[in-house]
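>>> no FASTA, just this:
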């Protein structure tokens, strides 16, 4: 039994460390507008949502009659809030990705690879500053 407890606590500790690092990457991705840093949090929380929904469904199947309703009503607010937060971060991911791609599009290639109108627009912008 002690071995099982150590293994369980080790697994939970490693999941907590992964979650903390994904939160740090999420904050860094939002602050620096790099969309790839937001992905670890989205993937980790999506896996957690899927796991929690699976556990709730299995508890509802194993518990008879009104107990299943209690399990559903007890877990719905938490699952709903986590799902809502996931969609909020996903919307932020899409905005950061759009901004990141637009910033890269203006920097990649330089004036030699850009069209004549694009290079004249950048020279006008540089002249204004």
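Sure, I can see it. All values derive from a computational prediction rather than experimental measurement.

>>> which residues of this structure score low on pLDDT?
Scanning the chain for pLDDT under 70 picks out the ranges 106-129.

>>> residues in contact with the most centrally placed residue in the chain?
What sits nearest the mean C-alpha location of the chain, by CA atoms, centre = their mean, is residue 42, with 2.1 Å. Residue 42 makes contacts with 86, 89, 90, 93, as judged by CB atoms under 8 Å, 6 or more residues apart in numbering. (Glycine included, C-beta is placed from N, CA and C.)

>>> cool, residue 19 as well?
Residues in contact with residue 19 (CB under 8 Å, 6+ apart) are residue 44.

>>> what about it, distance to residue 73?
Counting by CB to CB, to the nearest Å, the separation of residue 19 from residue 73 is 27 Å.

>>> how much space is there between residue 7 and residue 79?
Computed as CB to CB, the residue 7 to residue 79 distance reads 27 Å.

>>> Now residue 48: closest residue in space that isn't a chain neighbour?
Ranked by CB to CB, 6 or more residues apart in numbering and with sequence neighbours excluded, the top spatial neighbour of residue 48 is residue 82, at 7.3 Å.

>>> How many residues are close by the one you found?
When neighbours are defined as other CB atoms under 10 Å, residue 82 has 14 of them.
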